[in-house]
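> Next one to model:
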Amino acid sequence: MAAPMKYSDELRERATRMALEAIAAEGQRMGPIRRIADHLVFIRTVAHPVAGCRGNFDE
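Numbering: from 1, shown residues only. A predicted model of the protein is given here:
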């Protein structure tokens, strides 16, 4: 049995799109990718559980 995915397909698609747009705008890769990765960690570990406790997410 496969392990459950850490991020939903929608979130992964959005992060990919954000990264490609940021790379095109800034002309470099590591800065934008690192910032987006930090945002994803924040969403997964802090914002999502808090919003879920408040009933703001359907999951």
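> From here on, just use CA atoms for contacts and neighbour counts.
OK.
> From the centroid of the chain, which residue is nearest?
Leu40 (3.3 Å; C-alpha atoms, centre = their mean).
> Could you check which helix or strand contains that residue?
Under the criterion of DSSP states H and E, Leu40 resides in helix 30-42.
> What is that helix packed up against?
Contacts of helix 30-42 with other secondary structure elements, assessed using 3 or more C-alpha pairs under 8 Å, 6 or more residues apart in numbering; DSSP states H and E, are made with helix 9-26.
> name the helices or strands packed onto the helix it packs on?
Using 3+ C-alpha pairs under 8 Å, 6+ apart as the contact criterion, the secondary-structure elements in contact with helix 9-26 are helix 30-42.
> For the helix it packs on, list every residue counted as buried.
Taking 16 or more other C-alpha atoms under 10 Å as the basis for neighbour counts, the residues of helix 30-42 that come out buried are 32-33, 36, 40.
> likewise stretch 21-31?
Of the residues in stretch 21-31, those scored as buried under the neighbour-count criterion (16+ other C-alpha under 10 Å) are 22-23.
> Can you give me the end-to-end span of it?
Between the opening and closing residues of stretch 21-31 we find a distance of 12 Å, counting by C-alpha to C-alpha, to the nearest Å.
> got it, and stretch 21-41?
Counting by C-alpha to C-alpha, you get 20 Å between the two ends of stretch 21-41.
> Work out the gap between it and the centre of the chain.
Relative to its parent chain, stretch 21-41 has a centroid offset of 11 Å by C-alpha atoms, centre = their mean, to the nearest Å.
> what's next to that stretch, contact-wise?
By C-alpha atoms under 8 Å, 6 or more residues apart in numbering, the list of residues contacting stretch 21-41 from outside reads 15, 18-19.
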